[in-house]
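A.B. asks: okay, predicted coordinates and the sequence, questions at the end:
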Amino acid sequence: MTKNRYRLLVIATVLLLVLSIRMDFRTELLSSQHPLRFPIALEGEMVVLLCFIILGWSAGFYGCMRFRPWAPALNLVTTACGLLFIVGNNWLSVESSWAQVLDFLANASGGLTLMLPYFNDQVRKMFWPEPDGC
């Protein structure tokens, strides 16, 4: 795994996620009067959590593209906060089969970007280079 391939994996993850989100807005899967069409308003802690997730995700994306040593840990924390956000809001989603496929691919490639710095020696050295002369 080279630096450019890892960067390409990070970019592919973001693109697949954006495509999966945009897919159902194009197909009009839900009628305009359906209650799931407009999610409930966020309150208090969930707004703060959502802000933290967006800032953490943006900083993590930058860190992964620049191979900063803090990026893998930040991505793990941001992912855990994202799961808390989804579970805490009890959000249901109705997706088309194409959006589900793109969402699955985005989650699989996102899992690779989270896992590789910890389990692949080549990628680990990109984030945490070994000092010379040990």
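C.D. replies: Great, that's in hand.

A.B. asks: C-alpha from now on. contacts and neighbour counts both.
C.D. replies: Will do.

A.B. asks: got the phi and psi for the spatially most central residue of the chain?
C.D. replies: The centroid of the chain falls nearest to G110 when counting by Cα atoms, centre = their mean (6.0 Å). Phi and psi for G110, reported as degrees, to the nearest 10, are phi -60, psi -40.

A.B. asks: what sits against the residue lying closest to it once chain neighbours are set aside?
C.D. replies: Leaving aside its sequence neighbours, G110 sits nearest to T13 (Cα to Cα, 6 or more residues apart in numbering; 5.6 Å). Taking Cα atoms under 8 Å, 6 or more residues apart in numbering, we find T13 in contact with L105, A106, N107, S109, G110.

A.B. asks: related to what we said a few turns ago, confidence score at the residue nearest to the centre of the chain?
C.D. replies: You'll see G110 listed with a pLDDT of 93.

A.B. asks: how about T79?
C.D. replies: So, for T79, pLDDT stands at 92.

A.B. asks: what does M23 give?
C.D. replies: Reported pLDDT at M23 in the predicted model: 79.

A.B. asks: pull up the gap between the closest residue to it other than its chain neighbours and I21, please.
C.D. replies: The shortest distance from M23 to any non-neighbouring residue, by Cα to Cα, 6+ apart, is to A99 (5.7 Å). Going from A99 to I21 by Cα to Cα, to the nearest Å gives 7 Å.

A.B. asks: equivalent analysis for P69, please.
C.D. replies: In this view, P69 and I21 are 30 Å apart by Cα to Cα.

A.B. asks: what's the answer for M46, then?
C.D. replies: To I21, M46 is 21 Å away according to Cα to Cα.

A.B. asks: with F61 instead?
C.D. replies: On the measure of Cα to Cα, F61 and I21 end up 18 Å apart.

A.B. asks: so where's this protein uncertain?
C.D. replies: 25-41, 90-94, 133-134 (pLDDT under 70).

A.B. asks: one more time with 90
C.D. replies: Within the chain, the stretches with pLDDT under 90 are 1, 17, 20-50, 82-100, 103, 129-134.
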